Each structure stands twice: as C-alpha cells, then as structure tokens.
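Chemist: what would the 3D arrangement of this be:
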Amino acid sequence: MFVRAEHSLVRYRLPPLVIALIFFVISTLLFTYPLVAHFSTHVLGWNKLDSYKILLLSRWVPHTLFDRGTSPWFVPNIYYPYGYHLVSGEVTSLHSFGQLTITMLVGEIVI
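Modeler: As a prediction, the model looks like this:
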C-alpha cells in the first residue's frame with residue numbers, strides 16, 4: 001500500500017475575477033505610465049485643450065459644492081455675462097461626481 005506524502009506548501013488558486021482585475025490594473029498602469037509617475041502634476045493628452053477642460057470641470061464641481069454652495073451645473077465665467085449651463089454639454093453627473101471622488105482621494109492636479 002502506498003502512502004501519499006503531504007507537502008508543507010499548500011497551493012492556492014486565485015479566482016478568475018481577481019486574475020482579470022490584476023491584469024487590467026497592470027495594463028492600465030503600463031499604458032498610462034508617464035501619467036502614473038506624475039499623477040498630480042501633469043495632464044494626459046497631446047492636444048491640451050480637452051485636457052484643460054476636464055481639469056476645469058474636475059475643479060469646478062467641488063468648488064461650487066463646497067466653497068460657493070451653489071449648483072455645479074452653471075458656470076458664470078464661460079460666455080460672460082450670460083454664463084454656460086453644463087447640462088447643455090457632454091458633462092454628466094456620473095463623470096462629475098466620479099471626478100469629485102478621485103479628486104478627494106488623490107488630491108488636486110497642480111500644473
């Protein structure tokens with residue numbers, strides 16, 4: 001009769017969802033490498049116009065909610081003296097409050 005020897009090392013298998021999550025996190029870090037190293041001081045993109053608009057909007061939402069106590073959906077500085085309603089553009093509450101969460105976790109981007 002053969003006795004099977006037990007190994008002291010126990011093999012653990014990661015669930016497929018955890019493996020996929022690790023793969024996508026590493027892929028994201030590799031594809032955005034220059035941004036990851038300078039996340040709080042640089043903006044990603046060749047043409048900086050859209051990047052600066054995203055910067056403006058990511059700062060505008062916390063500024064209006066916490067500093068001014070007004071609605072984040074109206075910007076009086078754009079198209080002065082009439083202002084600009086952000087709900088008329090491509091800005092959604094999901095993007096704005098998602099950026100608010102990231103800004104609160106990571107900090108503001110300072111250029």
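
Chemist: any buried residues in the helix or strand harbouring Gly98, and which?
Modeler: Element membership for Gly98, per DSSP states H and E: helix 93-106. Neighbour-count burial for helix 93-106, with 16 or more other CB atoms under 10 Å as criterion, is recorded at 96, 99-100. Using the backbone N, CA and C atoms, a C-beta is placed for each residue, glycine as well.

Chemist: quick one, phi/psi of Gly69?
Modeler: phi 70, psi 30 (degrees, to the nearest 10).

Chemist: tell me the pLDDT of Ser27.
Modeler: Looking at Ser27, its pLDDT reads 94.

Chemist: what residues does the strand or helix carrying it touch?
Modeler: Using DSSP H and E, Ser27 sits within helix 16-31. Helix 16-31 is contacted from outside by 14, 36, using CB atoms under 8 Å, 6 or more residues apart in numbering.

Chemist: would you mind identifying the next helix or strand past it?
Modeler: Note on helix 16-31: by DSSP H and E, the next helix or strand toward the C-terminus is helix 33-37.

Chemist: could you give the mean pLDDT of that following helix?
Modeler: What helix 33-37 shows for mean pLDDT is 75.

Chemist: now it: how far from the chain's centre is it?
Modeler: Offset of helix 33-37 from its chain centre (CA atoms, centre = their mean, to the nearest Å): 13 Å.

Chemist: could I get the CA-only coordinates of it as CSV?
Modeler: C-alpha atoms of helix 33-37 as CSV (Å, rounded to 0.1, in the frame of the first residue of the first chain):
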residue,chain,number,x,y,z
TYR,A,33,3.0,55.1,-17.4
PRO,A,34,4.1,58.7,-17.7
LEU,A,35,0.8,59.9,-16.1
VAL,A,36,1.1,57.4,-13.3
ALA,A,37,4.5,58.7,-12.3
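
Chemist: report the buried residues of the following helix or strand past it.
Modeler: The element immediately downstream of helix 33-37 (helix or strand, assigned by DSSP H and E) is helix 48-62. For helix 48-62, the neighbour count (16+ other CB under 10 Å) marks 51, 54-55, 57-58, 60-62 as buried.
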